[in-house]
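Enquirer: just a sequence and a predicted model for now, questions to come.
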Amino acid sequence: MDYKLKVAEVVSQAVDGQLSVDEIVTKIEVPKSLELGDYAFPAFVLAKVLRKAPQMIAQELVEKMDQTGFEKIEAVGPYINFFLDKQAFSQDVLGQILDQADHYGDLDLGQGRQVPIDMSSPNIAKPMSMGHLRSTVIGNSLANILAKANYQPVKINHLGDWGTQFGKLMCAYKMWGSEEEVKKDPIGSLLHYYVRFHEEAESKPELDDQAREWFKRLEDGDEEANFLWKWFREESLKTFTKVYDRLGITFDSYNGEAFYNDKMNEIVDLLEDKGLLKESQGAQIVDLEKYNLNPALIKKSNGTTLYMTRDLAAALYRKRTYDFAQSLYVVGNEQSNHFKQLKAVLKEMGYDWSDDIHHIPFGLITQGGKKLSTRSGRIILLEEVLDEAVELAQKQIEEKNPSLANKEEVAKAVGVGAVVFHDLKNERLNNFDFDLQEVVRFEGETGPYVQYSHARAMSILRKAGKNLSGVQVNLNDPNAWETLRLLGDFDQIIKRAVGTYEPSVISKYAIHLAKAFNKYYAHTKVLVEDRELESRLALVQSVAIVLKESLRLLGVKAPDEM
């Protein structure tokens with residue numbers, strides 16, 4: 001049942017249609033404390049219409065209200081506070097969760113339509129650093145959240161697999177490389193060649209000419225250049241896949257920059273046909289002055305295309321291929337201007353579906369308050385961070401539960417999950433400082449704390465050993481109310497996360513639910529043989545289901561034991 005709607009209907013009847021149900025729904029608030037009720041309606045929104053003091057309006061409306069289905073409705077100052085019938089609510093919510101299990105909270109906002117998500121996108125022949133973590137885990141979580149709302153996400157790893165750096169790599173490999181080295185350590189070896197090329201090119205500028213020649217050979221379809229490009233790409237992908245496997249992330253497409261090489265001429269032709277291309281200092285641009293944006297550069301003066309041309313080709317390809325409801329780009333905040341230009345050019349081309357393209361920006365990960373940067377040597381390899389996180393988790397498991405059966409598997413789930421959860425508990429646009437010791441703590445607002453709360457619930461259920469199918473819930477425990485209210489909010493939490501493209505809505509919810517459950521457990525003896533035992537176990541099982549599903553939406557595993 002939509003309890004907010006029920007409150008709105010009761011208010012609507014009392015105000016004799018002065019406000020519609022829809023208008024009232026937007027005005028209803030949730031009090032900061034449960035002692036003030038479950039919902040509140042501020043009567044001062046009617047003061048102008050009824051020409052009375054809000055306190056008087058609140059008092060008069062309460063007297064007119066039908067209180068059936070509520071524990072009580074009372075006026076407190078200018079507010080009308082609604083207290084739900086706790087027993088009916090617990091039967092409704094716990095019954096739904098036990099019946100629907102991990103489908104609880106499912107929505108049909110997307111009606112099965114596709115949503116391509118451009119995410120992760122590392123550069124070939126370069127290691128995956130902590131800088132790649134955000135796009136990867138935010139994109140993956142958004143895919144899970146959108147699927148929960150019946151969209152069909154298409155996860156696209158738009159690889160950085162084209163450009164002059166490949167000419168440099170080929171040149172370096174031919175001079176100093178070996179097949180054996182590359183096969184043994186693809187990224188390490190290719191990066192070493194690339195760095196050496198830059199060092200040597202400082203005193204030997206002719207190397208840059210050779211690199212340009214190699215890249216031209218690649219663009220012209222030369223057999224050897226093409227073989228090397230494919231090989232470097234495949235070897236890099238093998239290394240990336242190891243990291244993705246550890247994060248539990250898969251992709252539907254690895255179409256990177258190179259995929260659009262043969263699709264850019266059409267874009268240039270379309271822009272020309274529509275009279276949008278203008279010449280500026282020898283380059284081809286689209287004027288975006290009416291959008292208060294700088295011109296979009298389509299072709300350089302030497303005729304080469306740019307990121308903008310490629311992204312226009314990608315946008316058009318994705319619309320034709322997926323007929324998307326929305327198209328998301330999970331890319332750092334610093335690229336905001338680029339995506340504004342992209343949408344504006346598409347709009348100028350007459351494509352109204354450009355309104356369905358959304359840039360999902362995010363802030364930086366810092367360390368000690370400083371930006372992580374490859375040039376200054378402040379690069380932190382993602383694989384090394386995951387290794388250390390798993391090690392830290394293993395140490396804590398050894399201390400807390402040394403007899404745990406599958407310690408290694410649990411340590412992997414907890415260590416990797418801690419890193420992912422920490423990223424996603426921060427609002428996307430916020431920068432955050434990364435301290436691994438803080439991230440892998442079992443106490444506080446961390447992933448391991450939520451995982452441990454789930455494991456505790458599972459432990460209680462194992463000890464009880466009862467089958468709860470068909471149980472009649474009859475829970476009348478005030479200590480359980482905060483947990484019950486949170487469980488009842490789950491579908492609204494999903495809705496908000498979808499609407500704001502914000503996984504932190506889910507992670508913060510999971511922390512609140514875990515805290516409320518642990519508080520309940522501290523005040524209530526669950527495994528007492530009385531007539532409410534099965535109802536209490538129904539609550540525990542519901543918490544386990546919703547915590548596990550919340551973690552799944554974030555891309556984090558929920559071990560049954562810790």
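Expert: Perfect, thanks for sending it.

Enquirer: distance from the chain centre to the least confident helix or strand in the chain by mean pLDDT, please.
Expert: Lowest on mean pLDDT, DSSP states H and E among the helices and strands of the chain sits strand 370-371, with a mean of 73. Remark: strand 370-371 is offset 23 Å from the chain centroid, using C-alpha atoms, centre = their mean, to the nearest Å.

Enquirer: so for the very next helix or strand once past it, mean pLDDT?
Expert: Per DSSP states H and E, the first helix or strand lying C-terminal to strand 370-371 is helix 382-400. Across helix 382-400, the average pLDDT comes to 95.

Enquirer: tell me what helix 382-400 is packed against?
Expert: Under the contact criterion of 3 or more C-beta pairs under 8 Å, 6 or more residues apart in numbering; DSSP states H and E, the helices and strands touching helix 382-400 comprise helix 223-247, helix 407-425, helix 436-439. From N, CA and C alone the C-beta is placed, and that goes for glycine too.

Enquirer: in that helix, what's buried?
Expert: Residues of helix 382-400 classed as buried by neighbour count (16 or more other C-beta atoms under 10 Å): Leu382, Val385, Leu386, Glu388, Ala389, Val390, Leu392, Ala393, Gln394, Gln396, Ile397.

Enquirer: run a quick neighbour tally on Gln100.
Expert: Using other C-beta atoms under 10 Å, Gln100 is surrounded by 12 other residues.

Enquirer: quick one: pLDDT of it?
Expert: Gln100 carries a pLDDT value of 97.

Enquirer: cool, and the one 4 residues further on?
Expert: Here the pLDDT value assigned to Tyr104 is 98.

Enquirer: surely it meets Gly95?
Expert: No - proximity of Tyr104 to Gly95 does not meet the contact threshold set by C-beta atoms under 8 Å, at 10.6 Å.

Enquirer: still on that earlier bit, pick the most buried one from the helices and strands packed on helix 382-400.
Expert: Most buried of these by mean neighbour count (mean count of other C-beta atoms under 10 Å) is helix 407-425; its value is a mean of 23.

Enquirer: and that helix, how far from the chain's centre?
Expert: 16 Å.

Enquirer: just after that helix, pick out the following helix or strand.
Expert: Note on helix 407-425: by DSSP H and E, the next helix or strand toward the C-terminus is strand 432-433.

Enquirer: give the buried residues for the host helix or strand of Tyr449.
Expert: Per DSSP H and E: Tyr449 is located in helix 447-464. By neighbour count with 16+ other C-beta under 10 Å, helix 447-464 contains the buried residues 447-458, 460-461, 464.

Enquirer: using CSV, write out every CA atom in it.
Expert: These are the backbone C-alpha positions of helix 447-464, laid out as CSV (Å, rounded to 0.1, in the frame of the first residue of the first chain):
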residue,chain,number,x,y,z
GLY,A,447,30.4,-1.8,3.6
PRO,A,448,31.7,-4.4,6.1
TYR,A,449,29.3,-3.1,8.7
VAL,A,450,26.3,-3.6,6.4
GLN,A,451,27.6,-7.0,5.3
TYR,A,452,28.1,-8.0,9.0
SER,A,453,24.5,-6.9,9.8
HIS,A,454,23.2,-9.1,7.0
ALA,A,455,25.4,-12.0,8.3
ARG,A,456,24.0,-11.5,11.8
ALA,A,457,20.4,-11.7,10.6
MET,A,458,21.3,-14.9,8.7
SER,A,459,22.9,-16.3,11.9
ILE,A,460,19.7,-15.7,13.9
LEU,A,461,17.6,-17.4,11.2
ARG,A,462,20.0,-20.4,11.2
LYS,A,463,19.7,-20.8,15.0
ALA,A,464,15.9,-20.6,14.8
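
Enquirer: which helices and strands sit right next to the helix or strand just after it?
Expert: Toward the C-terminus, helix 447-464 is succeeded by helix 481-488 as the next helix or strand (DSSP H and E). The helices and strands touching helix 481-488, judged by 3+ C-beta pairs under 8 Å, 6+ apart, are helix 86-100, helix 504-523, helix 533-554.

Enquirer: low-confidence ranges, the stretch 401-550 of the chain, go.
Expert: Low-confidence segments of the stretch 401-550 of the chain, defined by pLDDT under 70, are absent.

Enquirer: rerun at 90
Expert: Low-confidence segments of the stretch 401-550 of the chain, defined by pLDDT under 90, span residues 432-435, 469-470, 474, 476.

Enquirer: still on that earlier bit, of all the helices and strands packed on helix 382-400, which one is nearest Ile156?
Expert: Of all these, it is helix 223-247 that lies closest to Ile156, at 13.5 Å by C-beta to C-beta.

Enquirer: now that closest one, how far from the centre of its chain.
Expert: Offset of helix 223-247 from its chain centre (C-alpha atoms, centre = their mean): 26 Å.

Enquirer: next secondary structure element downstream of it?
Expert: helix 264-273.

Enquirer: so what's the residue count around the closest residue to Gln96 other than its chain neighbours?
Expert: Among residues not flanking Gln96 along the chain, Tyr104 sits closest, at 6.1 Å (C-beta to C-beta, 6 or more residues apart in numbering). Tyr104: 19 surrounding residues under other C-beta under 10 Å.

Enquirer: now swap in Lys148 and tell me
Expert: For Lys148, the count of nearby residues is 24 (other C-beta under 10 Å).

Enquirer: same question, Ile249
Expert: Ile249: 21 neighbours (other C-beta under 10 Å).

Enquirer: am I right that Ile73 is in a strand?
Expert: Yes - looking at Ile73 with DSSP: H, G, I helix; E, B strand; the rest coil, it is inside a strand.

Enquirer: that one contacts Gln67, doesn't it?
Expert: Yes - counting by C-beta under 8 Å, Gln67 is a contact partner of Ile73 at 5.2 Å.

Enquirer: quick one: which of those two has more around it?
Expert: Shown here are Ile73 and Gln67; by other C-beta under 10 Å, Ile73 has more neighbours (22 against 14).

Enquirer: measure that one to Leu61 for me?
Expert: Per C-beta to C-beta, to the nearest Å, Ile73 is found 9 Å from Leu61.

Enquirer: got it, and Thr164?
Expert: Thr164 sits 71 Å away from Leu61, going by C-beta to C-beta.

Enquirer: so which of the two has more stuff around it?
Expert: A count of neighbours by other C-beta under 10 Å puts Leu61 above the other of Thr164 and Leu61, at 21 against 15.

Enquirer: I'd like to know how many residues surround the residue lying closest to the more buried one once chain neighbours are set aside.
Expert: Nearest residue to Leu61 in three dimensions, chain neighbours excluded: Ala14, at 4.6 Å (C-beta to C-beta, 6+ apart). Other residues near Ala14 come to 18 when the count uses other C-beta under 10 Å.

Enquirer: got the contact list for the closest residue in space to Val410 that isn't next to it in sequence?
Expert: Excluding its sequence neighbours, the residue lying closest to Val410 (C-beta to C-beta, 6+ apart) is Pro559, at 4.8 Å. Contact partners of Pro559, counting by C-beta atoms under 8 Å, 6 or more residues apart in numbering, are Glu409, Val410, Ala413, Val414, Gln451, His454, Ala455.

Enquirer: domain assignment for the protein?
Expert: Split into domains by automatic domain parsing, the chain comes to 3-84, 115-260+310-359.

Enquirer: any idea how far the first one is from the chain center?
Expert: Its chain's C-alpha centre and that of domain 3-84 lie 35 Å apart, by C-alpha atoms, centre = their mean.
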